[in-house]
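Chemist: how would this look folded up:
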Amino acid sequence: MNYLIDILKGMVIGISNIIPGVSGGTMAVSLGIYDRMIFSISQLFKNWKASLKTLLPILIGAAFGVVAFTYTIEFLLSNYTLPTALAFVGLILGGVPVLWVSFKAGLKMKNEKLTSKHLIIFVIMFVVVAVLPMFQGSESSFEAIAVTPFSLMKLFFIGIIASATMIVPGMSGSLVLMILGYYYSIINTITSFIDALRVGDMETLLPNFTVLFTFGIGVLIGIFLISKVIEYLFKHYSSLTYSGILGLVLASPFAIMYNTNALSDLSTAKGLPFALIGLVLMVLCFMGIYQIGKKKIH
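Modeler: Purely as a prediction, here's the structure:
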């Protein structure tokens, strides 16, 4: 029974990790399995049997969650861009109170006060996240990733970066992918791979597998390597680290709206209804994530 429950919890975490603004790490905390996950990952090579026993059902559930919800996300972003983007914004902002509490806890832990260093790191991360998408152009279409040595190498390192944020409470790996301009492409690759697998289309299956395998290897390596760096930063520079995270998160709504090209919906006949629906969804999503985050605060 516990095995089945962990699979279901893994599905929730998997779904969370593909929604920009929703933190799989925070969801794991809320579901009561975060500590077990992190401990099992850190002990994987020392006690691999016990670690796999813990991680396997969670990973199986997460895989099902990703596959099942990827199609939904692709449909929503293609047909209801503005309401979906505004819902993402609500999800992002709903996690800010938790991050603020964590930031203050970091100050208290080291008996620090707010300094110019915190503000500088915050501003740097805010500007980088807000400006970076403009240099890449909007990423509003689901384009395939070219299978070239350079693109695969780039994808490998993006997997490392994204994986590090996937396991940090308050951070969203999908949000980082969207900021970097790869979210749509990864979603498209997953759905194309599943469609090709279902009909046995090897011509489409192989390049998509290559892309997902490369990205997946980067994710796995990132979980083991970068998470150690993040653990060190949280331990020794907690408040400064959270300053950077707050800058990233608070600038993310700009990146979301730009990357999805959501505001273009306003120039169509459906613009006003979409805007009203989106604002309602934004408020509801904010309240939902805030309520989940309160469990971590208390």
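
Chemist: Please spell out which residues along stretch 63-79 are buried.
Modeler: Buried residues in stretch 63-79, counting neighbours by 16 or more other CB atoms under 10 Å, are found at 64, 65, 66, 67, 69, 70, 73, 74, 77. Glycine gets a C-beta too; all of them are placed from N, C-alpha and C.

Chemist: Could you do stretch 55-65 as well?
Modeler: With burial defined by 16+ other CB under 10 Å, the residues of stretch 55-65 counted as buried are 55, 57, 58, 59, 60, 61, 62, 64, 65.

Chemist: Let me know whether the second one touches residue 10 as I believe.
Modeler: Read that as residue 57. Yes - contact criterion CB atoms under 8 Å: residue 57 and residue 10 qualify, at 6.2 Å.

Chemist: list the helices and strands the helix or strand where residue 69 lies packs on?
Modeler: Residue 69 is located in helix 48-79, with elements delineated by DSSP states H and E. Judged by 3 or more CB pairs under 8 Å, 6 or more residues apart in numbering; DSSP states H and E, helix 48-79 is in contact with helix 2-17, helix 34-42, helix 81-94, helix 183-199.

Chemist: Could you pick out the longest helix of this structure?
Modeler: Longest among the helix segments of the chain by residue count, using DSSP state H, is helix 202-236.

Chemist: and that helix, what's its mean pLDDT?
Modeler: When pLDDT is averaged along helix 202-236, the result is 83.

Chemist: Equivalent analysis for stretch 73-81, please.
Modeler: Here the average pLDDT along stretch 73-81 is 86.

Chemist: Stretch 159-175 too?
Modeler: 74.

Chemist: Determine how far the last residue of that stretch lies from the first.
Modeler: 13 Å (CA to CA, to the nearest Å).

Chemist: tally of neighbours for the nearest residue to residue 202 once chain neighbours are set aside?
Modeler: Spatial nearest neighbour of residue 202, chain neighbours left out: residue 196 (7.7 Å); criterion: CB to CB, 6 or more residues apart in numbering. Neighbourhood size, residue 196 [other CB atoms under 10 Å]: 18.
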